[in-house]
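J.: What follows is a protein structure lacking sequence information:
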């Protein structure tokens, strides 16, 4: 019993470190309007700044997505926290657009190191038989941390002084606390290899994972694409179309999508992994329909509903995907396989975001959003049909 309690304490603390890192990646979301006023750049530039983060994640996943399987979890996570701190410093020093690009790139590098390594670390630290609960801790820390970022920054920007500085000072303090926590936690990789022995990861999967991975990746791409566009352009839509200029409100709306995702993950247990993926896609489709209504009729209530319903669908589908993929992966390849799943997910975040940014000029923000929704509706519907015809098997154990 004491061993289980200690294991869960370590599991939750590692999840808290995970959440701190991920919160830093969404911290600038409600601040982009202030940066636009200060540095005078367009909505397309906002989406490019946002997408630079996703490219950083993808690059790091390819270069070092499997690093923690060899050199150990803690060295990789310490490096990720270093990138997170450097990102915050870039935003604190920002005197032009170049600093924002650098900060977002460093933030992407930190997330790229954390996504696979921290997920595997949380699962490693859980007591025997706790794989399902540990998967929830990991995904809740990831998406809950992503939700806390805009909420924290929005509240500080609206109600505290120095709106472009204080959020990053607070995050630096949280990163320092995370370094202390990580120093106390144990290493879980027994047989470690030197860094020189590692090679960049080519996207590839062990044979036993491939049947599970296809449908899981389809659902992950769709859910993260919705998150990417919602996170990058919803503050601008609230300000321009709905005359909502309260940074705390815009941060809360974005946070609701991530918090609803965390809540949606809780339903995977009773629903089952196999059914959670197509059901998650159905909720994503409903979220897209609500977002289309919000854009068409300039309705704030529909924006909030789209965040809640779409977020719940993303959480339901993504936890199901992660559970199935992790359960099918051999232990010595788990971080690499999880990183490959996140590689697909972050491709979903980056490419549609840039597409929307390119369409804002000729079509306007609402028109670009409606085109995105139409394309995503086709993708989500296709994924749902595919998942119904080829359901993901439930993980064993």
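T.: Noted; the coordinates are in hand. Since we're looking at a predicted model, the values are computed, not measured.

J.: The stretch 151-300 of the chain: helices as residue ranges?
T.: 166-184, 207-241, 247-266, 268-271, 273-297, 300-328 (DSSP state H, counting those that start in this stretch).

J.: in what helix or strand does residue 135 lie?
T.: Secondary structure assignment for residue 135, by DSSP states H and E: helix 131-159.

J.: could you dump the helices of the stretch 151-300 of the chain to TSV with distance to residue 16, mean neighbour count and mean pLDDT?
T.: Any C-beta I mention is one placed from the backbone N, CA and C, and that applies to glycine too. What follows is the helices of the stretch 151-300 of the chain, written out as TSV (distance: least, Cβ to Cβ, whole Å; neighbours: other Cβ atoms under 10 Å; pLDDT from 0 to 100):
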stretch	distance to residue 16	mean neighbour count	mean pLDDT
helix 166-184	7	17	98
helix 207-241	22	22	82
helix 247-266	14	24	91
helix 268-271	22	16	81
helix 273-297	25	22	88
helix 300-328	19	25	88
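
J.: Looking at those, which is nearest to residue 138?
T.: helix 300-328 (7.6 Å; Cβ to Cβ).

J.: The helix or strand that that closest one is followed by versus helix 207-241: what angle between them?
T.: Sequence order places helix 334-389 as the next helix or strand after helix 300-328, per DSSP H and E. Orientation check (axes from the mean of the first three to the mean of the last three Cα atoms, to 10 degrees): helix 334-389 against helix 207-241 gives 80 degrees.

J.: elements contacting helix 334-389?
T.: helix 43-64, helix 67-71, helix 97-125, helix 207-241, helix 273-297, helix 300-328 (3 or more Cβ pairs under 8 Å, 6 or more residues apart in numbering; DSSP states H and E).

J.: For the fourth one, name the packing helices and strands.
T.: Read it as helix 207-241. Checked by 3+ Cβ pairs under 8 Å, 6+ apart, helix 207-241 has helix 32-39, helix 43-64, helix 247-266, helix 273-297, helix 300-328, helix 334-389 packed alongside it.

J.: Pull out the buried residues from the shortest one.
T.: Within helix 32-39, the residues that qualify as buried are 32, 33, 35, 36, counting by 16 or more other Cβ atoms under 10 Å.

J.: Please determine how far the last one is located from residue 227.
T.: Spatial separation of residue 36 from residue 227 under the definition Cβ to Cβ, to the nearest Å is 21 Å.

J.: Likewise for the second one?
T.: Using Cβ to Cβ, one obtains 19 Å as the distance from residue 33 to residue 227.

J.: Residue 41: what secondary structure?
T.: coil (DSSP: H, G, I helix; E, B strand; the rest coil).

J.: you'd agree it is up against residue 98?
T.: No: assessed by Cβ atoms under 8 Å, residue 41 is found out of contact with residue 98, at 11.5 Å.

J.: Pretty sure residue 137 sits against residue 11.
T.: Yes: in this structure, residue 137 is within contact of residue 11 by Cβ under 8 Å, at 5.8 Å.

J.: returning to what we had before: relative to helix 97-125, how tilted is the helix holding residue 135?
T.: Using the same axes, to 10 degrees: helix 131-159 against helix 97-125 is 150 degrees.

J.: just checking, what packs against helix 131-159?
T.: Against helix 131-159 (3+ Cβ pairs under 8 Å, 6+ apart) you get helix 2-26, helix 97-125, helix 166-184, helix 247-266, helix 300-328.

J.: Let me know which of these is the nearest to residue 56.
T.: That would be helix 97-125 among the helices and strands packed on helix 131-159, by Cβ to Cβ, at 2.1 Å.

J.: What are the buried residues along that closest one?
T.: So helix 97-125, judged by 16+ other Cβ under 10 Å, has buried residues 97, 99-125.

J.: now stretch 357-371: how far from the chain's centre is it?
T.: What separates the centre of stretch 357-371 from the centre of its chain is 24 Å, taken as Cα atoms, centre = their mean, to the nearest Å.

J.: Quick one: mean pLDDT over it.
T.: The pLDDT scores in stretch 357-371 average 87.

J.: what's in contact with that stretch?
T.: 42-48, 51, 229, 232-233, 236-237, 240-241, 291-292, 295-296, 356, 372 (Cβ atoms under 8 Å, 6 or more residues apart in numbering).

J.: Show me which residues of that stretch are buried.
T.: 357, 359, 360, 365, 366, 368, 369, 370.

J.: got any residues that touch both of residue 137 and residue 11?
T.: Common neighbours of residue 137 and residue 11 (Cβ under 8 Å, 6+ apart) are 122, 126.

J.: just to revisit the earlier point, of all the helices of the stretch 151-300 of the chain, which lies closest to residue 352?
T.: Nearest of the helices of the stretch 151-300 of the chain (Cβ to Cβ): helix 207-241, 4.6 Å.

J.: got the angle between that closest one and helix 2-26?
T.: Using the same axes, to 10 degrees: helix 207-241 against helix 2-26 is 50 degrees.

J.: Can you check what angle separates helix 207-241 from helix 300-328?
T.: Going by the same axes, to 10 degrees, helix 207-241 makes 170 degrees with helix 300-328.

J.: I'd like to check the angle between helix 207-241 and helix 273-297, please.
T.: 20 degrees.

J.: from the chain's centre, how far out does helix 207-241 sit?
T.: The answer for helix 207-241 is 9 Å, by Cα atoms, centre = their mean.

J.: Reformat the helices and strands packed on helix 334-389 into CSV and put distance to residue 83 next to each item.
T.: What follows is those, written out as CSV (distance: least, Cβ to Cβ, whole Å):
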stretch, distance to residue 83
helix 43-64, 9
helix 67-71, 13
helix 97-125, 4
helix 207-241, 20
helix 273-297, 31
helix 300-328, 23
